[in-house]
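>>> only the shape, not the letters, is given here:
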């Protein structure tokens, strides 16, 4: 009589669960989710969290490009050095984006962008080490790309007048943009901070704007003074948007939704073209121009630091660049030659 095989029909165990588990804790996509959750719990700004996702998206795109499994054991110093070269020489911005024109699909990231990616990845590995998930940081051996200092462009007073004259204030959207340009220049706040302002954030009697911590890059609230004219314009805009009862935001699109920085940026390009300004006009240019003009007009650097919301004074010094005109005026006033000439070049006595 044949013996029955007791194993017949039963499931078999082939793979070890422990092996799969060890593989998952080495997977960078899995570890990234832990990192992202931790940063989200720390209260990082939404824009900062979005930048993390963008930076890791580039990393995963490169890993797929070279056929490398995104695993911390397989991504060493040499891998990341090749990654830097690829970002600089081969990465195509906006590739596959169906709404971006071909002109926006340029090759190579700037040195600033590459260094931002490296900064995020260094922080990521440091987090893994602190959590006991990695034993070393390969990015500490990968140096930043050397950045070439570029001349900082600011708008002149005449260009600002032309730009502010471009909107047709009889139309709601143009008037809103005019008020926003005025506010950005006067308060020197960031465009993201301005777009999130609510009606309760503006003190029309005190002529100041409260910028809430959850809308600030540094997560620190601050109160910024504005001129009475700016306050009157904002009060007029608040009356205009009062028809939208389901939101407290001040800067709204025609249909009542929040005005996005990107939408405003596109409208600025139109106004700049209309004003015949050849410079690249973008929202952040108002902040930089305002800070430069404030310094040129004698504002104390520490007061400017408080208005800009910089935690470190060095950020303010790096952010503001005095114009050539201001430098020439200061040189003319304080040059030793001016002192000598002012002393020696007296009116000649005319013999009669």
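Ah, there it is. Quick caveat, the model's predicted, so the values are computed rather than measured.
>>> and the residue nearest the centre of this structure?
Per CA atoms, centre = their mean, the C-alpha nearest to the average position across the chain is that of residue 47, at 7.9 Å.
>>> surely it is in contact with residue 192?
Yes - at 6.3 Å, residue 47 and residue 192 qualify as touching, with contact defined as CB atoms under 8 Å. C-beta here means a position set from N, CA and C on the backbone, and glycine is covered the same way.
>>> now do the phi/psi pair for the closest residue to residue 284 other than its chain neighbours.
Spatial nearest neighbour of residue 284, excluding adjacent residues (CB to CB, 6 or more residues apart in numbering): residue 191 at 6.7 Å. The phi and psi torsions at residue 191 (degrees, to the nearest 10) take the values phi -60, psi -40.
>>> so residue 210 lies in a strand, does it not?
Yes - applying DSSP: H, G, I helix; E, B strand; the rest coil, one finds residue 210 inside a strand.
>>> how far away is the closest residue to it other than its chain neighbours from residue 219?
Leaving aside its sequence neighbours, residue 210 sits nearest to residue 201 (CB to CB, 6+ apart; 4.7 Å). Residue 201 is 16 Å from residue 219, where distance means CB to CB, to the nearest Å.
>>> who touches stretch 88-98?
Contacts with stretch 88-98, where a contact means CB atoms under 8 Å, 6 or more residues apart in numbering, come from 58, 61-62, 100, 104-109, 111, 114, 145.
>>> same thing with stretch 209-223?
Identification of contacts with stretch 209-223 by CB under 8 Å, 6+ apart yields 43-45, 47-48, 183, 187, 189-190, 192-193, 196-197, 201-203, 208, 224, 226, 306-307, 309-311.
>>> report the buried residues of that stretch.
Residues 209, 211, 215-216, 222 are the ones in stretch 209-223 that count as buried (16 or more other CB atoms under 10 Å).
>>> could you dump those residues to CSV with distance to residue 264 and pLDDT?
Listed next are the buried residues of stretch 209-223 as CSV, based on distance: CB to CB, whole Å; pLDDT from 0 to 100:
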residue, distance to residue 264, pLDDT
209, 17, 95
211, 17, 92
215, 16, 76
216, 19, 76
222, 22, 92
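>>> among the residues you listed, give me the pair with the biggest separation.
209 and 216 (12.2 Å; CB to CB).
>>> do you know how far the nearest residue to residue 81 once chain neighbours are set aside is from residue 27?
Nearest residue to residue 81, sequence neighbours excluded (CB to CB, 6+ apart): residue 142, at 5.9 Å. Distance, residue 142 to residue 27, by CB to CB: 21 Å.
>>> when the two are compared, which one has more neighbours?
residue 142 (18 against 14; other CB atoms under 10 Å).
>>> residue 84: what's it in contact with?
Residues in contact with residue 84 (CB under 8 Å, 6+ apart) are 114, 118, 142, 145.
>>> got a list of what the third one touches?
Residue 142 sits next to 77, 80-81, 84, 118 when contact means CB under 8 Å, 6+ apart.
>>> buried ones from the contacts of stretch 209-223, can you make that a PyMOL selection?
The following PyMOL line selects those of the contacts of stretch 209-223 that are buried, judged by 16+ other CB under 10 Å:
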select buried, resi 44+45+183+187+189+190+192+193+196+197+201+202+224+226+307+309+310
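>>> per-residue pLDDT, residue 20?
Looking at residue 20, its pLDDT stands at 45.
>>> next one: the one 5 residues further on
With respect to pLDDT, residue 25 has a value of 77.
>>> that one: neighbouring residues, count only.
Neighbours of residue 25 (other CB under 10 Å): 13.
>>> that one reaches residue 134, doesn't it?
No - using CB under 8 Å, residue 25 makes no contact with residue 134, being 9.8 Å away.
>>> can you pull the poorly scored residue ranges out of the stretch 251-352 of the chain?
319-327, 338-339, 341-352 (pLDDT under 70).
>>> in a markdown table, list the buried residues of stretch 209-223 along with distance to residue 66.
Shown next, in a markdown table, are the buried residues of stretch 209-223 (distance: CB to CB, whole Å):
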| residue | distance to residue 66 |
| --- | --- |
| 209 | 49 |
| 211 | 44 |
| 215 | 39 |
| 216 | 39 |
| 222 | 45 |
